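Novice: Got a predicted structure here, sequence first:
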Amino acid sequence: MISAARRYAAPILLAVSVVLTVSGCRHRSDWVMFRGQQGRGYTANALRPPLAIKWKLQLQPGAEPTYAFNNPVVLDGTIYFGSTDGNFYALDIESGYMNWVAKTRGAINSIPFADSEKLYFGNNVGRLYAVSQEDGREIWSFQTDSTVQSSIVGYENFIIFTSDGGTAYFVTPQGEQLFTLPNPVWHYNTFQVYEDVLYFAPGPPARPHAFGAFDLNARSYLWILDTSMFQAVWYSFPALKGDLLYFSTATYRGEYWSFDYYAFQRETGQMVWQYSDFSDWGEMLRVESGRMFSDNMKLLDYLAPAIWRNLVIYTSGDTVVRAFQAANGALAWTRAFDRPTSSAPTVAGNRLYFGIEGEEAYEAGFPGGEPPRLVCLAAKNGRLLWEMELEGALLSAPVIAGRWMVFGTDRNYFYVLEEVY
């Protein structure tokens with residue numbers, strides 16, 4: 001997430017991050033939780049390469065490249081997702097057939113949530129929508145005070161979301177407001193709820209640049225982090241494992257970016273470890289670091305961690321994948337590429353999947369340039385296992401649903417891949 005003050009002081013548009021992953025057994029084909037169980041970016045579905053294209057669909061032929069393609073929901077064989085064209089789509093995962101389209105008047109850059117009957121999503125004219133899973137019919141909508149570009153979280157009787165630089169809302173599944181928290185600073189919020197605690201909630205009015213752990217029952221903060229201690233621009237979605245909470249920060253510093261990777265005690269907010277690093281561009285001759293940082297900030301899962309066994313793994317938008325020991329922050333392994341990573345990672349079984357950008361020559365249409373690709377690494381050591389060329393750079397972490405992988409690219413292509421038996 002980013003603060004309004006820092007957003008307008010910087011020369012580029014900035015944002016907050018997150019990744020979506022499914023929980024469940026090998027044959028489960030639903031994906032309804034943002035970043036999966038406790039936000040770990042992990043699924044036990046051991047999707048094994050090579051993968052083949054089941055189908056792909058270009059949503060807006062001839063359109064300009066899209067700036068975001070945030071994570072979909074996969075439920076009962078249907079893919080649900082919003083688009084920057086203002087439409088919310090329902091596609092059959094087997095065939096790609098479009099079951100229905102719900103049209104809105106603003107770009108959709110929120111992460112949707114699904115319950116047993118409805119889908120919830122927000123758009124850039126400041127409305128939260130609840131629509132029928134069956135036919136996309138609007139059941140209710142809720143007008144807010146600003147754009148809604150956050151994750152949407154359902155927890156017990158709460159539907160939780162935030163408006164940019166406005167308000168954190170807590171409403172019922174019927175659209176009735178329960179209570180709110182002021183959010184005068186943060187944009188592109190991403191968060192999760194675990195054991196009745198919201199990580200991260202906007203700070204109280206007296207400390208607007210803070211965020212923290214908010215008890216939904218007591219409606220009070222368990223602890224608060226003052227962001228002056230970080231001096232960062234971007235704060236990632238938090239992941240939980242055991243007693244620890246993991247997240248990262250990034251700051252644009254001209255020709256390079258600075259990164260910090262953290263583990264905190266989730267019950268007290270005390271720091272356990274920190275690892276600092278700078279962006280690595282390898283042998284790239286020309287780096288448009290400002291544009292690249294701006295593009296990353298539009299992805300709600302930017303810098304979100306993936307947790308696999310005793311490792312916390314990050315793709316940070318530069319050319320290096322970093323894996324840390326979860327307990328103490330020691331660097332476990334790194335993997336360098338010739339081009340920057342384009343998406344957050346997802347771990348399926350013991351394999352790590354994410355996107356790599358293409359070369360400038362390819363993007364400009366010249367022959368000989370290397371195209372963007374989907375990459376698979378061994379999670380335990382970063383060894384390259386497999387890769388696939390794509391039409392456009394993969395945006396946001398791939399979703400794993402049963403034997404399928406689902407993602408979108410900046411060229412407005414929507415992909416469904418499947419295992420090759």
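Specialist: Thanks, I have the structure now.

Novice: so where do the helices sit in the stretch 1-150 of the chain?
Specialist: For the stretch 1-150 of the chain, the helices defined by DSSP state H, counting those that start in this stretch occupy 4-9.

Novice: quick one: low-confidence parts of it?
Specialist: 3-28 (pLDDT under 70).

Novice: change it to 80
Specialist: Low-confidence segments of the stretch 1-150 of the chain (pLDDT under 80): 2-29, 60, 62-63, 67.

Novice: Let me see the ranges of the strands in it.
Specialist: Using DSSP state E, counting those that start in this stretch, the strands of the stretch 1-150 of the chain run over 2-3, 42-43, 51-58, 73-75, 78-82, 87-92, 98-103, 113-114, 118-122, 127-132, 138-143.

Novice: Equivalent analysis for the stretch 251-400 of the chain, please.
Specialist: Using DSSP E, counting those that start in this stretch, strands in the stretch 251-400 of the chain cover 257-265, 271-278, 306-308, 311-315, 320-325, 331-336, 346-348, 351-356, 373-378, 384-389, 394-401.

Novice: contacting residues around residue 249?
Specialist: 230, 232-236, 259-260, 262, 303 (C-beta atoms under 8 Å, 6 or more residues apart in numbering). In short, each C-beta sits where N, CA and C put it, glycine included.

Novice: is it true that residue 256 touches residue 289?
Specialist: Yes. Using C-beta atoms under 8 Å, residue 256 is in contact with residue 289, at 6.8 Å.

Novice: Check the gap between the spatially most central residue of the chain and residue 407 for me.
Specialist: In the chain, the residue lying closest to the centroid (C-alpha atoms, centre = their mean) is residue 301, at 2.1 Å. With the distance defined as C-beta to C-beta, to the nearest Å, residue 301 ends up 11 Å from residue 407.

Novice: Quick check: residue 315 touching residue 346?
Specialist: No. Shown here, residue 315 and residue 346 do not form a contact pair, counting by C-beta under 8 Å, at 10.2 Å.

Novice: follow-up on the earlier one: what about residue 256 and residue 289, which has more around it?
Specialist: residue 289 (19 against 15; other C-beta atoms under 10 Å).

Novice: So for the residue lying closest to the more buried one once chain neighbours are set aside, what pLDDT did the model give?
Specialist: Distances taken as C-beta to C-beta, 6 or more residues apart in numbering put residue 255 closest to residue 289, at 5.8 Å, once the chain neighbours are dropped. At residue 255, the model reports a pLDDT of 90.

Novice: and residue 255, how many residues sit next to it?
Specialist: Neighbours of residue 255 (other C-beta under 10 Å): 10.

Novice: in terms of contact, does it touch residue 287 like I think?
Specialist: Yes. Residue 255 lies in contact with residue 287 (C-beta under 8 Å); the separation is 7.1 Å.

Novice: related to what we said a few turns ago, taking the contacts of residue 249, please make a PyMOL selection of just the buried ones.
Specialist: Selection of buried members from these for PyMOL, criterion 16 or more other C-beta atoms under 10 Å:
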select buried, resi 232+233+234+235+236+259+260+262+303
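
Novice: Pull the most distant pair out of the contacts of residue 249.
Specialist: 233 and 262 (15.2 Å; C-beta to C-beta).

Novice: Identify the residues contacting stretch 331-341?
Specialist: Outside of stretch 331-341, the residues within contact range by C-beta under 8 Å, 6+ apart are 275, 280-284, 292, 311, 315-325, 354-359, 370, 375, 377, 381-382, 384.

Novice: Using neighbour counts, trim those to the buried set.
Specialist: 275, 280-281, 292, 311, 315-324, 354-359, 375, 377, 382.

Novice: Send me stretch 77-91 as PDB with only the CA atoms.
Specialist: Provided in PDB are the C-alpha atoms of stretch 77-91 (Å, rounded to 0.1, in the frame of the first residue of the first chain):
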ATOM      1  CA  GLY A  77     -15.600 -24.600 -12.900                       C
ATOM      2  CA  THR A  78     -16.100 -20.900 -13.600                       C
ATOM      3  CA  ILE A  79     -13.500 -18.100 -13.700                       C
ATOM      4  CA  TYR A  80     -14.600 -14.700 -12.300                       C
ATOM      5  CA  PHE A  81     -12.500 -11.600 -12.800                       C
ATOM      6  CA  GLY A  82     -12.700  -7.800 -13.300                       C
ATOM      7  CA  SER A  83     -10.900  -5.800 -16.000                       C
ATOM      8  CA  THR A  84      -9.700  -2.300 -16.700                       C
ATOM      9  CA  ASP A  85     -12.300  -2.100 -19.400                       C
ATOM     10  CA  GLY A  86     -15.000  -1.800 -16.700                       C
ATOM     11  CA  ASN A  87     -16.400  -5.300 -17.100                       C
ATOM     12  CA  PHE A  88     -16.600  -8.200 -14.700                       C
ATOM     13  CA  TYR A  89     -16.400 -11.500 -16.600                       C
ATOM     14  CA  ALA A  90     -17.600 -15.100 -15.900                       C
ATOM     15  CA  LEU A  91     -15.800 -17.700 -18.200                       C
END
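
Novice: For it, buried residues please.
Specialist: 78-91.

Novice: Switch those residues over to JSON lines; also include distance to residue 217.
Specialist: Listed next are the buried residues of stretch 77-91 as JSON lines, based on distance: C-beta to C-beta, whole Å:
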{"residue": "78", "distance to residue 217": "34"}
{"residue": "79", "distance to residue 217": "34"}
{"residue": "80", "distance to residue 217": "30"}
{"residue": "81", "distance to residue 217": "32"}
{"residue": "82", "distance to residue 217": "31"}
{"residue": "83", "distance to residue 217": "36"}
{"residue": "84", "distance to residue 217": "37"}
{"residue": "85", "distance to residue 217": "40"}
{"residue": "86", "distance to residue 217": "37"}
{"residue": "87", "distance to residue 217": "37"}
{"residue": "88", "distance to residue 217": "32"}
{"residue": "89", "distance to residue 217": "36"}
{"residue": "90", "distance to residue 217": "35"}
{"residue": "91", "distance to residue 217": "38"}
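
Novice: now, the most widely separated pair of the residues you listed?
Specialist: Maximum distance among the buried residues of stretch 77-91 (C-beta to C-beta): 20.9 Å, for 78 and 84.

Novice: Okay then, goodbye and thanks.
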